[in-house]
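Undergrad: 3D model of this:
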Amino acid sequence: MRASLLGAILFVACGGKSTRPPRIEFDAGPDADTDTDTDADADADTDTDADTDTDADCQPDANEPNDSPETATDVADGTRMDDLTICPGDEDFFAVELEVGHQVDFDALFSHFDTRDIDMELLAPDGTAVWDSTSGDDDEHISFWPWADLGAGRYVLRVYGWEAPPDFVFEGNTYDLRVAVHTDVPCDPDAAEDDDTPATAGEAPPPDSGGSYSVCPGDPDHFTIDANAGQRILAFADYFSPWGHIDLEILDPDGASVLADAFDYDPARRDQGRELARWDALVDGTYVVRVSGAAGVTNDYFFVAFLQDPPLCTTDDALEENDFSGWPAALPLGRTDALTVCWGDDDWYAIDATDGQAIGIDVLFVHDAGKDIDVILFDPSGAEVTRSESGDDDERIDWDVTETGTYLFWVYGWRGSENDYSIDLTVE
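TA: Numbering: from 1, shown residues only. Here you go, the predicted model:
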């Protein structure tokens, strides 16, 4: 199991959060030094301090200078460094050699205060940031292993002080660093174990919250969900795809036959894999959803399963066929009503805009379970520029155009949701 860059799960490997007091001494007020009298008269002294005040006694540690990837301090499995220092304007870098399939764990242990928060970022051999830990409280943890596209090489950890001037200016802090490198990726059972067979399946997590789980090699997970004939079962998994593919299957109430396989959903997520499976129940019963990793895969995932009443969409709306990015419908200015988004039937729209204009899009609908709609805007190159996924009624997109061309707008049901909606478009 590992910590997601997307913030889904955090794992702390060294015994939880630190309760140590800060080790940096801060000036409490007036100077503690003795004034030096600059005249010999009995009149009022004109004094000057013999020292210069500092807000904190922040001294560089023994690893300096390690302020860049090029001067990074080498670390390896078992490295333990205590009383390291981050001063204002200072960053620390540490380098570790990794092979594909190795896992590295970094822990920075410190006491958090608003002006003394430490964060971490991991850089790939080409300098690209691939992972981070920015929790906003005591300690930071990164657990990571390279996937094939990144390759083996010198990975660099950046440790830095968080600040947001002028309200928060980093004043320095001390920390301890722990490093562990595993040649085999460890895989710990999640809290739902033992659920390796349909017979030992536990109930699916609540549909309004879902749950976080993990798969290990040869260790699938199983969940049950009750459905009546005519209801649709939807099962959804979200995971970090470079660490290995995860599959979903819906099984019959006996757990013996596969009724439905999942397909990859929402390709705009890029490295974030998303699997969605559905089945329209023919009989009342307790159905089983199986979640498994591809051969040899260890990965964490988010899972949710829920029910829908019979499908909404029986006929296409007036702007079909616009199910794919290559078939977008021209979206007129103003309000367009009587649109529908359905299972396997997303809607794509084309919007022409010029540099200096502003695009405003309101997608209007009534939110309910199984009826949530989300939206994404893409620039003329096909890159995502913004999205709206609020989890309640309506979605809103605002974008200031800096590149003339045709923008694509994607409307889709969250985790297979279906609903009616309207669009109100402005380009001005």
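Undergrad: Who are the packing partners of the helix or strand harbouring V156?
TA: For V156, the enclosing helix or strand under DSSP states H and E is strand 153-161. In this structure, strand 153-161 makes packing contacts with strand 80-86, strand 91-98, strand 103-109, strand 118-123, strand 173-182, judged by 3 or more Cβ pairs under 8 Å, 6 or more residues apart in numbering; DSSP states H and E. (Each C-beta comes from the backbone N, C-alpha and C, glycine too.)
Undergrad: Recalculate using a threshold of 6 Å.
TA: Strand 153-161 sits against strand 91-98, strand 118-123, with contacts defined as 3 or more Cβ pairs under 6 Å, 6 or more residues apart in numbering; DSSP states H and E.
Undergrad: Just the residues contacting that strand, thanks.
TA: The contact list for strand 153-161 (Cβ atoms under 6 Å, 6 or more residues apart in numbering) reads 69, 72, 86, 91-98, 106, 108, 118-123, 125, 170.
Undergrad: re the thing from before, for W147, find the nearest of the helices and strands packed on strand 153-161.
TA: Closest approach to W147 among those (Cβ to Cβ): strand 91-98, 11.1 Å.
Undergrad: Tell me the strands beside that closest one, with direction?
TA: Using DSSP bridges, the strands paired with strand 91-98 in its sheet are strand 73-74 (parallel), strand 153-161 (antiparallel).
Undergrad: Highest mean neighbour count out of the ones you listed?
TA: Highest mean neighbour count of these: strand 153-161, a mean of 20 (counted as mean count of other Cβ atoms under 10 Å).
Undergrad: which residues does the closest residue in space to G405 that isn't next to it in sequence contact?
TA: Excluding the flanking residues, the one nearest G405 by Cβ to Cβ, 6 or more residues apart in numbering is P380, at 3.0 Å. P380 is in contact with 403, 405-406, counting by Cβ under 6 Å, 6+ apart.
Undergrad: Secondary structure element holding the nearest residue in space to E389 that is not next to it in sequence?
TA: Sequence neighbours aside, D374 is the residue nearest to E389 in space, at 4.0 Å (criterion: Cβ to Cβ, 6+ apart). Element membership for D374, per DSSP H and E: strand 373-378.
Undergrad: Name the residues that touch the helix or strand that that strand is followed by?
TA: Per DSSP H and E, the first helix or strand lying C-terminal to strand 373-378 is strand 384-388. Strand 384-388 is contacted from outside by 268, 375-379, 395-397, 399, using Cβ under 6 Å, 6+ apart.
Undergrad: can we see that at 8 Å?
TA: 268, 363, 374-379, 395-399 (Cβ atoms under 8 Å, 6 or more residues apart in numbering).
Undergrad: what's the answer for stretch 215-223, then?
TA: Stretch 215-223 is contacted from outside by 187, 189-190, 192, 195-198, 200-205, 213, 235, 246, 255, 288-293, 295-299, 301, 303, 305, using Cβ under 8 Å, 6+ apart.
Undergrad: cool, stretch 77-89 as well?
TA: By Cβ under 8 Å, 6+ apart, stretch 77-89 touches 23, 58-61, 63, 75, 92, 118, 159-161, 169-182.
Undergrad: Now list the buried members of these.
TA: Buried members of the contacts of stretch 77-89, counted by 16 or more other Cβ atoms under 10 Å: 58, 61, 63, 75, 92, 118, 159-161, 170-181.
Undergrad: What's the end-to-end length of stretch 71-84?
TA: 16 Å (Cα to Cα, to the nearest Å).
Undergrad: just the buried members of the contacts of strand 384-388?
TA: Buried residues within the contacts of strand 384-388, counting neighbours by 16+ other Cβ under 10 Å: 363, 374-379, 395, 397, 399.
Undergrad: Reformat those residues as TSV; add distance to R274.
TA: Converted to TSV, the buried ones among the contacts of strand 384-388 look like this (distance: Cβ to Cβ, whole Å):
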residue	distance to R274
V363	20
D374	12
V375	16
I376	13
L377	19
F378	17
D379	22
E395	18
I397	21
W399	24
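Undergrad: related to what we said a few turns ago, could I get the contacts of P380 as JSON lines with secondary structure and neighbour count?
TA: Listed next are those as JSON lines, based on DSSP: H, G, I helix; E, B strand; the rest coil; neighbours: other Cβ atoms under 10 Å:
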{"residue": "E403", "secondary structure": "coil", "neighbour count": "12"}
{"residue": "G405", "secondary structure": "strand", "neighbour count": "13"}
{"residue": "T406", "secondary structure": "strand", "neighbour count": "13"}
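Undergrad: Out of these, which is nearest to Q231?
TA: Nearest member of the contacts of P380 to Q231, counting by Cβ to Cβ, is T406, at 40.2 Å.
Undergrad: what packs against the strand holding D374?
TA: When contacts are defined as 3+ Cβ pairs under 8 Å, 6+ apart, strand 373-378 packs onto strand 358-364, strand 384-388, strand 395-400, strand 405-413.
Undergrad: If you count neighbours, what's buried in the longest one?
TA: What it means is strand 405-413. Neighbour counts using 16+ other Cβ under 10 Å place 407-413 of strand 405-413 among the buried residues.
Undergrad: where are the low-confidence patches of the stretch 1-150 of the chain?
TA: 1-57 (pLDDT under 70).
Undergrad: Try it again at 50.
TA: 1-56 (pLDDT under 50).
Undergrad: Can I get the buried ones among the contacts of strand 384-388 in CSV including pLDDT and distance to A129?
TA: Output for those, formatted as CSV (pLDDT from 0 to 100; distance: Cβ to Cβ, whole Å):
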residue, pLDDT, distance to A129
V363, 95, 32
D374, 92, 26
V375, 94, 27
I376, 94, 23
L377, 95, 24
F378, 94, 23
D379, 94, 22
E395, 95, 29
I397, 95, 27
W399, 96, 25
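Undergrad: residue ranges with poor pLDDT in the stretch 151-300 of the chain?
TA: Across the stretch 151-300 of the chain, the ranges flagged by pLDDT under 50 are 268.
Undergrad: one more time with 80
TA: Applying pLDDT under 80 to the stretch 151-300 of the chain flags the ranges 164-165, 167, 184-188, 208, 242, 263-272, 295-296.
Undergrad: re the thing from before, nearest to R274 among the buried residues of strand 405-413?
TA: Nearest to R274 out of the buried residues of strand 405-413 is Y412 (Cβ to Cβ; 11.1 Å).
Undergrad: Isn't the closest one up against V341?
TA: Yes - between Y412 and V341 there is a contact under Cβ atoms under 8 Å: 6.2 Å.
Undergrad: where do the contact lists of the two overlap?
TA: Listed as contacting both Y412 and V341 by Cβ under 8 Å, 6+ apart are 347, 373.
Undergrad: Number of residues surrounding the residue nearest to V283 when sequence neighbours are not counted?
TA: Excluding the flanking residues, the one nearest V283 by Cβ to Cβ, 6+ apart is A229, at 5.3 Å. Here the number of neighbours of A229 (other Cβ atoms under 10 Å) works out to 10.
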